[in-house]
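Participant: structure for this input, please:
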Amino acid sequence: MTELERYKYDVLVIGAGGAGLRAAVEAREAGLRVAIICKSLFGKAHTVMAEGGAAASMGNVNSGDNWQVHFRDTMRGGKFLNHYRMAELHAKESPDRIYELEMWGALFDRTKEGKISQRNFGGHEYPRLAHVGDRTGLELIRTMQQKIVQLQQKDAREYGDAQANIRVFAELTITEIIKEGGKVAGAYGYWREGGNEVLFEAPAVVIATGGVGKTFKITSNSWEGTGDGHALALKAGANLVDMEFLQFHPTGMVWPPSVRGILVTESVRGEGGVLTNTLGERFMFKYIPEVFKDKYADNEEEADRWYLDQDNNRRPPELLPRDEVARAINSEVKAGRGTEHGGVFLDVSKRIPAEVIKKRLPSMWHQFYELAGVDITKEAMEVGPTCHYVMGGVEVEPDTAAAVGVPGLFAAGEVAGGMHGSNRLGGNSLSDLLVFGRRAGMGAAAYVKSTTPVAVSDASVKAAADRIQAPFTRAGGENAYSLHQELQEVTHNLVGIIRTGSELQDAIGKIAEIRKRSQNVSVAGDRKFNPGFHLAFDLDNMLLVAESTAKSAIAREESRGGHTRDDFPGMSDKWRQVNHISSYNGSEVVVREQKLPALPKELFDLFDVHELEKYMTPEEIAKGGSN
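Facilitator: The predicted structure follows:
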């Protein structure tokens, strides 16, 4: 091994997606030195896969929209399990973040008046998603990447070194966050290409690592989504909140095999795509929950009229929140009305002309035509639920994005929990990245300026180095690929879209057994270009995530949002008041209940009391908010 590389920064950002880059910009503009860690290539973050748009109540298409309406929609989508303060900050600040992105060079689609265009999406009362065709996430990353380069160019002019104050470390994996004296002191990792080890000393670490999709067999997530940030936070002493809530996006391709799991953006339904079963029935009308019946059309005629007159007609049920649509598709397939490949049909070709589809949904048309020979301008797509997003994540303070219980640790984006409650609305993810990425950068900067850095001890370095070397010291041990495949089978079959207590108990036992065997994973060869070496660490992270999910899911005896219990099919106003907090004691994940913060009166009063009665206890209604 070569000599250990050492670096010192004020703020270390782990993750180079939208949240991580926005945090890095904020911290750098506060005058701090910033390092950005990127597990893959810079610019290839999973953010680029967010196609539909970024939700922000700018009111460019319908002037009736405002932050209060956006807040209400977000709380409804999350079935009122959201942390109200995060939902409030998000609704209030999203428009400014979108306009800021435009000032930095983002090229949004425009209305006829020249304003940023906004489109319809499931769960949003008004057209709210600022978009760039169906490549919005790609444009967000392109813009943020250019902003980083701009800051580096400024430093080059002032200091003669473009990387003097902000540097990107691409293709580098962080294996642990190091604490000294109870607070963050830095992080340890290795270069993926050659395996050389790297120590970063920094008093503040921002985790922005994204999701956990590779824990599951069928997912829209790319290879990076192995729950690294969730596990790093747990091991550092932070908590995860509500890990039972996973979003299975209702429309991932199920056939042909070349595109299995790839996302079909909600924009397809927003532009008029309809869901049908193998009998040709437009089945979503049968699955409108009672709490949404006043807002969604119960017949095809009204649903079709909505696309031309949204003020005087209810929305099509294809635009229900994602959890509702996913469960409906699952029910149709279970009832024998699905395709032979386990999906249903999604067709936009019968509503809008081919040239309009190619203009509004260029990526969708191109990728499925090129990869699968499916021409969405002429034929239906075969779709079904795919593991897409985790609502659970690191428990944070809403205003600063500081991880609860670990001084110097911050989290933003998908890795942070609380904002979306039990289910995320489409489009809220991109604006979430910008709002809380910025707040994480602000929080980290304020923390650094108020604390004294502590040095990383030799003992901590040796322990971190020994853990990286350990898989190479075991001969004839377990194979990481086999264990990963076993884990995915367990989660797919027992912790998937529909759950039962007995299956979850079985899953917990099987995950524990796989975790025990994973302690004996061995890696052949050396560190250079060795994917088995990388998977050994990814596997450990995914096992912690899966354990947190299964244990939280068995504890929640109700069905809500992205958590459906077949043995507890209804929502419970008792469980709406409960967050599940996961922590790690060094040998296993422990889950406990924690009371959800109550809505303050000024936010409580934004809702019709009869709507709140569907979610809250009579005592909560009588109190009328927390003030």
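
Participant: end-to-end on stretch 230-248?
Facilitator: Distance between the two ends of stretch 230-248: 19 Å, counting by C-alpha to C-alpha, to the nearest Å.

Participant: now swap in stretch 198-218 and tell me
Facilitator: End to end - C-alpha to C-alpha - stretch 198-218 spans 33 Å.

Participant: below-threshold pLDDT in this structure: ranges please.
Facilitator: 1-2, 627 (pLDDT under 70).

Participant: residue most distant from the centroid, it?
Facilitator: Gly160 (38.2 Å; C-alpha atoms, centre = their mean).

Participant: how far away is it from Lys154?
Facilitator: For Gly160, the distance to Lys154 (C-beta to C-beta, to the nearest Å) stands at 12 Å. Placement of C-beta: from N, CA and C, glycine included.

Participant: now name the helix or strand holding the residue nearest to Tyr481 when sequence neighbours are not counted.
Facilitator: Spatial nearest neighbour of Tyr481, excluding adjacent residues (C-beta to C-beta, 6 or more residues apart in numbering): Leu535 at 6.5 Å. Element membership for Leu535 (DSSP states H and E) is helix 531-555.

Participant: after that helix, next one along is what?
Facilitator: Going down the chain from helix 531-555, the next helix or strand is strand 578-584, by DSSP H and E.

Participant: identify the residues contacting that following strand?
Facilitator: Here strand 578-584 makes contact (C-beta atoms under 8 Å, 6 or more residues apart in numbering) with 81, 234-235, 237, 239-244, 395, 544, 548, 551-552, 555-556, 589-596.

Participant: and that strand, what's buried?
Facilitator: By neighbour count with 16 or more other C-beta atoms under 10 Å, strand 578-584 contains the buried residues Val578, Asn579, His580, Ile581, Ser582, Ser583, Tyr584.

Participant: swap in stretch 615-627?
Facilitator: Of the residues in stretch 615-627, Tyr615, Met616, Glu620, Ile621 count as buried by neighbour count, 16+ other C-beta under 10 Å.

Participant: which stretches of the stretch 351-500 of the chain form helices?
Facilitator: Using DSSP state H, counting those that start in this stretch, the helices of the stretch 351-500 of the chain run over residues 354-360, 362-372, 428-450, 458-473, 480-494.

Participant: now those helices as CSV including distance to Ser331 and mean neighbour count?
Facilitator: As requested, those are exported to CSV (distance: least, C-beta to C-beta, whole Å; neighbours: other C-beta atoms under 10 Å):
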stretch, distance to Ser331, mean neighbour count
helix 354-360, 29, 16
helix 362-372, 25, 17
helix 428-450, 25, 25
helix 458-473, 43, 15
helix 480-494, 18, 18
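
Participant: okay if I get these as JSON lines plus distance to Asp567?
Facilitator: Listed next are these as JSON lines, based on distance: least, C-beta to C-beta, whole Å:
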{"stretch": "helix 354-360", "distance to Asp567": "42"}
{"stretch": "helix 362-372", "distance to Asp567": "38"}
{"stretch": "helix 428-450", "distance to Asp567": "30"}
{"stretch": "helix 458-473", "distance to Asp567": "40"}
{"stretch": "helix 480-494", "distance to Asp567": "13"}
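
Participant: what's the closest of those to Pro95?
Facilitator: When those are compared by C-beta to C-beta, helix 428-450 sits nearest Pro95, at 8.8 Å.

Participant: CA-only coordinates of the closest one in PDB, if you can.
Facilitator: What follows is helix 428-450, C-alpha atoms only, in PDB (Å, rounded to 0.1, in the frame of the first residue of the first chain):
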ATOM      1  CA  ASN A 428     -40.900  17.400  -4.300                       C
ATOM      2  CA  SER A 429     -37.500  15.600  -4.400                       C
ATOM      3  CA  LEU A 430     -35.700  18.100  -6.700                       C
ATOM      4  CA  SER A 431     -36.800  21.100  -4.800                       C
ATOM      5  CA  ASP A 432     -36.100  19.300  -1.500                       C
ATOM      6  CA  LEU A 433     -32.500  18.900  -2.700                       C
ATOM      7  CA  LEU A 434     -32.100  22.600  -3.300                       C
ATOM      8  CA  VAL A 435     -33.900  23.800  -0.100                       C
ATOM      9  CA  PHE A 436     -32.200  21.500   2.400                       C
ATOM     10  CA  GLY A 437     -29.000  21.300   0.500                       C
ATOM     11  CA  ARG A 438     -28.700  25.000   1.000                       C
ATOM     12  CA  ARG A 439     -29.700  24.700   4.700                       C
ATOM     13  CA  ALA A 440     -27.200  22.000   5.300                       C
ATOM     14  CA  GLY A 441     -24.500  24.100   3.800                       C
ATOM     15  CA  MET A 442     -25.600  27.100   6.000                       C
ATOM     16  CA  GLY A 443     -25.800  24.900   9.100                       C
ATOM     17  CA  ALA A 444     -22.400  23.400   8.500                       C
ATOM     18  CA  ALA A 445     -20.800  26.800   8.000                       C
ATOM     19  CA  ALA A 446     -22.400  28.200  11.100                       C
ATOM     20  CA  TYR A 447     -21.200  25.200  13.100                       C
ATOM     21  CA  VAL A 448     -17.600  25.300  11.800                       C
ATOM     22  CA  LYS A 449     -17.400  29.000  12.700                       C
ATOM     23  CA  SER A 450     -18.500  28.300  16.300                       C
END
